[in-house]
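[1] Following is a predicted model, sequence given first.
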Amino acid sequence: MTYQVRPLGPGDQQLAWALGSLAFGYHERPMPEGWASDSPGRRTLGVFDAAGRLVAKAVDREQGQWFGGRVVPTCGVAGVATAAELRGRGLGRLVLTRLLQDARERGAVISTLFDTTPGPYRALGWEEVGALVYYTVPTRVLAEIRSDEQTTLRPATEADLPAVDDVYREVARTGTAMMERSGPAFATTPAQQLTDYHGFTVAVDGSGAVVGYARWDRGPGYDASGKLTVDDLIGLTPGATRALLAMLGGWASVAPTVVIRLATPDPVWSLLARGDAKPESTQPWMLRVVDGSGAIAARGWPRHLTGEVDLELIDDVCPWNQGRHRLVLSGGDGRLEPGGAGTVRLTPRGLAAWYAGAATPQQLRRSGLLTGGDADTDELLRTATAGPAPTLHDYF
């Protein structure tokens, strides 16, 4: 059968709602009035059969993620769905291959997504590089943390929001893969940012500067079922982190459980015993390099690392990446030049895991995602992307 792949139009919205709602389990809800699969920074591609039926779709979100102190243009993939009767027929591959091509044309150099199952995405070159994890912590444990006398807590106001953005960006800039919370994907009004949560608390130092914040929701009940859910808790100072955690601990008598989203490298862990925090939910996420040359040029690299490695990239889904290249790193910048001897051979999944700093060359070689090279090339590649573990605090 012949299929057509094209962007969705105004007349396709009911089809998109029907396919997505059935795939993701909200099919009993009617389509909201005025709902559209697309919005600024969000573009949906659909696969249509000869009868005009929408049989598969995928969304490209225009977003940026921080790598090496720079924002890398990213295609966030969401809303991937295929008609139940046609799964396993290659329609997902068809729409995602086109999506990657279109994303490259608009300037995206990497792609990330949250996978419900890794197999189909691995077949197209994505690799799991991290997970968004919520941990359950007994509130009584946080009640044992003493607040910082030099730090004041208060509810956030609209005037605080630029400073809150700066706090988040300071942490994102020094991390790996955290979202840049600006642009069309994060276009909300100040009033909405304050009302999205039951609590939005800022930590202020002695000079009056905002040095941390927490966004949290209070669940129902005040017995054993009572809990707080904390999506963000970020402190730029030890005092801010302690004060915010102690504030959460003050709920111990009516909300005995705190569910908090934490990254592996988070200062909160310095105040918690690992045994006190149990994973409640884990949502793995994946990365793919869309444009090899663009991705190397876009991210930051260690400023004091200088060296070259000859790579051979294998990529039949994004054939513009295919072939031999020379990776050149110097003064915090990188470039991928055509040519070289192809000393180190990387599959798309190997390139993704290395780029994200999720695996060393030795680990990739043991997985079959990297071949060739020697101790010297391994050391340069390992050092180039060593750093904080890949982290996302935003589900999409």
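    In hand now; what should we look at? Residues are numbered from 1 along each chain as shown.
[2] ok, A83 to A103 distance?
    23 Å (CB to CB, to the nearest Å). Bear in mind the C-beta positions are built from the backbone N, C-alpha and C, glycine included.
[3] before we move on, what about R303?
    In terms of CB to CB, R303 sits 30 Å off from A103.
[4] Please say which of these two ends up with more neighbours.
    A103 (25 against 13; other CB atoms under 10 Å).
[5] ok, now which ones touch R242?
    Applying CB atoms under 8 Å, 6 or more residues apart in numbering to R242 gives the contacts I145, R146, S147, D148, T151, G235, L271.
[6] By neighbours, which of those wins?
    G235 (24 neighbours).
[7] Would you check that that one makes contact with T241?
    Yes. At 3.3 Å, G235 counts as touching T241 under the criterion of CB atoms under 8 Å.
[8] residues shared between the contacts of the two?
    The contact lists of G235 and T241 share G212, P267, where a contact means CB under 8 Å, 6+ apart.
[9] Could you dump the contacts of R242 into CSV with secondary structure added?
    Formatted as CSV, the contacts of R242 follow (DSSP: H, G, I helix; E, B strand; the rest coil):
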residue, secondary structure
I145, coil
R146, coil
S147, coil
D148, coil
T151, coil
G235, strand
L271, helix
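[10] Adding pLDDT, write the residues you listed out as CSV.
    Formatted as CSV, the contacts of R242 follow (pLDDT from 0 to 100):
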residue, pLDDT
I145, 97
R146, 96
S147, 96
D148, 94
T151, 98
G235, 98
L271, 96
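[11] Between those, which sits nearest F186?
    For the contacts of R242, the closest approach to F186 (CB to CB) belongs to G235, at 21.6 Å.
[12] Report the contact partners of the closest one.
    A203, V211, G212, T241, R242, A243, L244, P267.
[13] Now do whichever helix or strand the second one is part of: everything it contacts.
    Assigned by DSSP states H and E, V211 falls within strand 210-218. Among residues not part of strand 210-218, those counted as contacts by CB under 8 Å, 6+ apart are 151, 156, 160, 163-164, 166-167, 196-205, 228-237, 239-241, 243-244, 247-248, 251, 255.
[14] Just the ones of these in helices?
    A163, V164, D166, V167, G239, A240, T241, A243, L244, M247, L248 (DSSP state H).
[15] From the residues you listed, list the buried ones, please.
    Buried by 16 or more other CB atoms under 10 Å: A163, V164, V167, G239, A240, T241, A243, L244, M247, L248, out of these.
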